[in-house]
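# The sequence and its predicted three-dimensional model are supplied below.
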Amino acid sequence: MALGTLKLSDYDISPQFGFLPCDVIGIPPLGLYYKPWQDISENLPNLLASNRLRAEVDGLPILSCKDLRSIPEQRRAYSILAFISQAYIWAENLPAKRIPPSVSIPFLSICKSLNLPPVATPDRLDNLATLTTFTGAIDESWFYLISVAIEAKGGPLIASAVEATNLSRAGRTDLVAIQLDKLAAGIVDLKTVLQRIYENCDPHFFSNKLRRFLAGSKNMAKFGLPDGVIFDEGTGNVRTVKLSGGSNAQSSLFQFFDVALGVTHRVGECGGAHQKNKISNRDTVASPGNLEDGCRHVKTVNDQNYLSEIRQYMPERHRQFLDDFAAVANIRQFVENNLQNEALVLAYDACISALVQFRNTHMAIVSQYVIAPAQVKAVHQHQSDPTTIHLYGTGGTALIPFLRLVRNETRESAINGNCTAR
Ligand code: HEM
Ligand SMILES: N[C@@H](CC(=O)c1ccccc1NC=O)C(=O)O
């Protein structure tokens, strides 16, 4: 699949699995030398439940990364160490502000090789979901697996969209419409997979047991991390990082759909991030599971730039692909130049409608998995008005205001404005 000189294979994109790294499937575990890491990662649920995780990690030897030669091995080590550091930070009520050298040294070295930030990003976490979990619960595996399934099912759609772009450049109106119809049907299928999250991932489990481990270290003063996290490399030099938490907003697939279809985002007015709320702030350290901002005017992230900033958390070649593809993506312009072709306009609007439906379904999930449990908690704690609680995404956005704007901007991209997904 080529677009001028743009070849998917040059960007580590598989025609079958898209942005998922297909080379991790079936690779053997790390060698015996790395057994201390493996043992901890396989035992996270027990170590966390018995409060022994931090002591075990503190006792780890500092292992060298020089035996991690292949990219799949480095990715596996990245996953393991990402899980271990997130578990270390959030293992107990008070978060750990310092990651010990036994994890910092190898983790930062692998992050440097892979050019990824030292935080658990979905792209890596979910590959090993069935091997490593924080809780041992099927609900947690299911949460990651839904994301992987969506990425995998969306993989072949990348080629369809690239093909539609190629055909637009060649002026093949009818063929573009056929590709866009395929793309629309494919995006509808992704929504169907997303809805399956309800089957095996309980919203209260997600909110109360899992979500704290997914938090980042940026703007986390309320949760006991005013200055981020220190990666102690044992050299006297300490590296302090403040990073957004992992989020599926880091998925390259949905940013790709937006680029391909010419959907642009100018998310700037997410007022929710600045709104005062009425939750009282009685605890000294809040639980990051609900990521609530108690009574403070805090701007967590610059939502305006969030979708572009978050590209720094994607694998380097995928990030490059999005930039390079944006320079040639022309479907929307092509449709606008051919408004007399009803089938073409309908097919384009069907893609927008499918994307809006996906985002609507996603917002409903966020309501059930984040907002509803937080309201229950607020009622139990006799907080004044549970409907005014203000919540953040693990990525640090103002959550619903942010997602609503992204959805609205998608809807506004419809050519006929009669996009069925309202
Ligand atoms: C319980 C499940 C989920 C919750 C609670 C959730 C929550 C969120 C939140 C809060 C955001 C805003 C960014 C942030 O601050 O983190 C976000 C963004 C996003 N999420 Fe999810 N998410 C869930 C599952 C998924 C799944 C399975 C996918 C599909 C791969 C997905 C795709 C996205 C995308 C693409 C964005 C960026 C905004 C957009 O393009 O519309 N999410 N999610
Ligand atoms: N943004 C979500 C969390 C999320 O999607 C996520 C976070 C860390 C690792 C993986 C994630 N998503 C799915 O694989 C939230 O705010 O709860």
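Arrived safely, thanks for sending. Numbers count the residues shown, from 1 in each chain. Ligands and ions are numbered 1, 2, ... in the order given.

# residue closest to the middle of the chain?
When C-alpha atoms, centre = their mean is applied to the chain, the residue found nearest the centroid is Asn248 (2.0 Å).

# my read: that one touches Ile146, true?
No: with contact defined as C-beta atoms under 8 Å, Asn248 does not reach Ile146; the gap is 9.5 Å. For the C-beta atoms, the positions are set from N, CA and C on the backbone; glycine is no exception.

# Could you check which helix or strand contains Ser353?
helix 342-366 (DSSP states H and E).

# That helix close to ligand 1?
Yes: counting by C-beta under 6 Å from any ligand atom, contacts between helix 342-366 and ligand 1 involve Arg359, His362, Ile365, Val366.

# before we move on, the earlier item: could you report the distance from the residue nearest to the centre of the chain to Met314?
Distance, Asn248 to Met314, using C-beta to C-beta, to the nearest Å: 12 Å.

# State the distance from the residue nearest to the centre of the chain to Phe17.
Look at Asn248 and Phe17: by C-beta to C-beta, they are 17 Å apart.

# Give the ranges of residues in the stretch 251-400 of the chain that sit below the confidence cut-off.
Applying pLDDT under 70 to the stretch 251-400 of the chain flags the ranges 267-304, 383-390.

# Please repeat the previous calculation with a cut-off of 50.
For the stretch 251-400 of the chain, residues meeting the criterion pLDDT under 50 lie at 269-285, 291-301.

# Ligand 1 contacts on that one?
Residues of the stretch 251-400 of the chain lying near ligand 1 by C-beta under 6 Å from any ligand atom: 251, 254, 359, 362, 365-366, 369-370, 393-397, 399.

# Ligand 2 contacts on the stretch 201-350 of the chain?
Residues of the stretch 201-350 of the chain lying near ligand 2 (C-beta under 6 Å from any ligand atom): Arg211, Leu214, Gly246, Ser247, Asn248.

# Next, count neighbours for whichever residue of the chain sits closest to ligand 1.
Per C-beta to the nearest ligand atom, Gly393 is where the chain lies closest to ligand 1, at 2.0 Å. A count of neighbours around Gly393, defined by other C-beta atoms under 10 Å, yields 24.

# isn't it right up against Val406?
No: checked against C-beta under 8 Å, the pair Gly393 and Val406 is beyond contact range at 11.5 Å.

# Gln74 and Tyr34, how far apart?
Gln74 is 12 Å from Tyr34, where distance means C-beta to C-beta.

# swap that for Asp324, please
Asp324 is 36 Å from Tyr34, by C-beta to C-beta.

# Tell me which of the two has more neighbours.
Counted by other C-beta under 10 Å, Asp324 and Tyr34 do not tie: Tyr34 has more neighbours, with 21 against 17.

# so what's the more buried one up against?
Counting by C-beta atoms under 8 Å, 6 or more residues apart in numbering, Tyr34 makes contact with Leu63, Asp67, Ala77.

# Rebuild those residues as TSV, extending it with pLDDT and secondary structure.
Converted to TSV, these look like this (pLDDT from 0 to 100; DSSP: H, G, I helix; E, B strand; the rest coil):
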residue	pLDDT	secondary structure
Leu63	96	coil
Asp67	87	coil
Ala77	92	helix
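
# Would you write a PyMOL line that selects the buried entries of those residues?
Listed next is the PyMOL selection for buried residues among these, using 16 or more other C-beta atoms under 10 Å:
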select buried, resi 63+77
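
# what kind of secondary structure is Ala96 in?
On the three-state scheme (DSSP: H, G, I helix; E, B strand; the rest coil), Ala96 is labelled coil.

# Tell me which helix or strand the nearest residue to it once chain neighbours are set aside sits in.
Among residues not flanking Ala96 along the chain, Ile89 sits closest, at 5.1 Å (C-beta to C-beta, 6 or more residues apart in numbering). Per DSSP H and E: Ile89 is located in helix 71-90.

# swap in Ile415?
Short version, using DSSP H and E: Ile415 is in no helix or strand.

# which residues in the stretch 101-250 of the chain form strands?
Taking DSSP state E, counting those that start in this stretch, the strands of the stretch 101-250 of the chain run over residues 229-232, 238-241.

# Comparing those strands, which comes out most buried?
Among the strands of the stretch 101-250 of the chain, strand 229-232 has the highest mean neighbour count (mean count of other C-beta atoms under 10 Å), at a mean of 21.
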